[in-house]
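[1] Let's see this in three dimensions:
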Amino acid sequence: MRAAWALLLLSLAPLTLPAAPPAGGERDLGQGLAYLRVHALPADLPATPAKPGALVLDLRYARGDAAAAAALGAWLQFRTTRHAPIFLLVNAATAPALLDYLETHPAFPGLVTLGTASSRFVPDLTLTITAGAERAAYDALAAGQPLASLLADLPDKPRHDEAAVAQEHAAPPADEDAADGDPADSSAPAPAVSAPAPTVPPRAIDRTLQRAVHLHRALLALGRL
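    Residues are numbered from 1 along each chain as shown. Coordinates of the predicted model:
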């Protein structure tokens with residue numbers, strides 16, 4: 001079952017998200033998919049809804065002991081269905097007890113694990129991401145970067161230093177007569193020097209979350225949800 005779900009990735013159109021604010025601890029990823037970040041178990045596990053929908057449950061960097069792992073298992077047993085899958089995000093920094101549980105857990109219908117592999121656990125969908133890049137993308141959401149911007153690369157656009165552009169347009173036109181004079185004449189104005197363009201930091205992209213959303217959209221396209 002785990003491998004079958006993992007093989008359903010397709011090429012999809014660019015992702016679009018609604019502008020609605022998150023309800024409670026969940027954030028809306030559109031088309032019936034929600035996102036929930038878990039910091040500690042079992043405290044951060046949501047209540048089981050009467051009609052569960054698809055959910056990205058982010059356990060990256062989550063804390064929890066053996067009792068928390070058991071609570072996660074009980075929650076997954078009642079929460080996961082084939083038509084309301086759980087996309088579980090993990091990495092090497094997920095609590096060891098949680099990874100150990102996932103390594104030996106029974107096959108829950110509709111559960112798909114995604115993330116970087118570790119010595120304790122290899123997800124259904126394994127991604128190759130550096131620890132630094134993943135942490136930067138994870139922290140970007142808490143720092144206020146919009147969720148939608150974490151899911152898709154934006155094309156590079158030429159950027160200009162507004163101050164340099166204003167200085168360039170404000171500079172007087174060159175004096176053609178002065179250009180023919182003595183080059184050593186100190187009265188000639190020095191050429192304007194444009195300030196260097198500022199360095200724009202790369203936009204953080206959450207590759208693991210992006211893959212989970214792609215998988216959900218693929219399942220929708222296939223009529224599996």
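[2] Contacts for the helix or strand where Val56 lies next, please.
    Assigning secondary structure by DSSP states H and E places Val56 in strand 54-58. Counting contacts by Cβ atoms under 8 Å, 6 or more residues apart in numbering, the residues outside strand 54-58 that touch it are 26, 29, 32-38, 79, 84-89, 209, 212-213, 216, 225. The C-beta positions use only the backbone N, C-alpha and C, and glycine is treated the same way.
[3] the strands in this structure, which residues?
    26-30, 33-37, 54-58, 86-90, 111-115, 125-126 (DSSP state E).
[4] outside of the second one, which residues touch it?
    With Cβ under 8 Å, 6+ apart as the test, strand 33-37 has contacts from 25-29, 44, 46, 53-58, 141, 147, 209, 213, 216.
[5] From those residues, keep the buried residues only.
    27-29, 44, 46, 54-58, 141, 147, 209, 213, 216 (16 or more other Cβ atoms under 10 Å).
[6] okay, who's weakest in those residues by pLDDT?
    Minimum pLDDT for the buried ones among the contacts of strand 33-37 is recorded at Pro46 (82).
[7] okay, the strands of the chain in JSON lines with distance to Gly132 next?
    Output for the strands of the chain, formatted as JSON lines (distance: least, Cβ to Cβ, whole Å):
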{"stretch": "strand 26-30", "distance to Gly132": "24"}
{"stretch": "strand 33-37", "distance to Gly132": "19"}
{"stretch": "strand 54-58", "distance to Gly132": "18"}
{"stretch": "strand 86-90", "distance to Gly132": "17"}
{"stretch": "strand 111-115", "distance to Gly132": "15"}
{"stretch": "strand 125-126", "distance to Gly132": "18"}
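[8] Lowest average confidence across the ones you listed, which one?
    strand 26-30 has the lowest average pLDDT among these, namely a mean of 88.
[9] That one versus strand 86-90: what angle between them?
    Going by axes from the mean of the first three to the mean of the last three Cα atoms, to 10 degrees, strand 26-30 is angled at 120 degrees with respect to strand 86-90.
[10] The contacts of strand 54-58, buried ones only, as a ChimeraX selection?
    Entered in ChimeraX, the line below selects the buried ones among these, by 16+ other Cβ under 10 Å:
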select :29,33,34,35,36,37,38,79,84,85,86,87,88,89,209,212,213,216,225
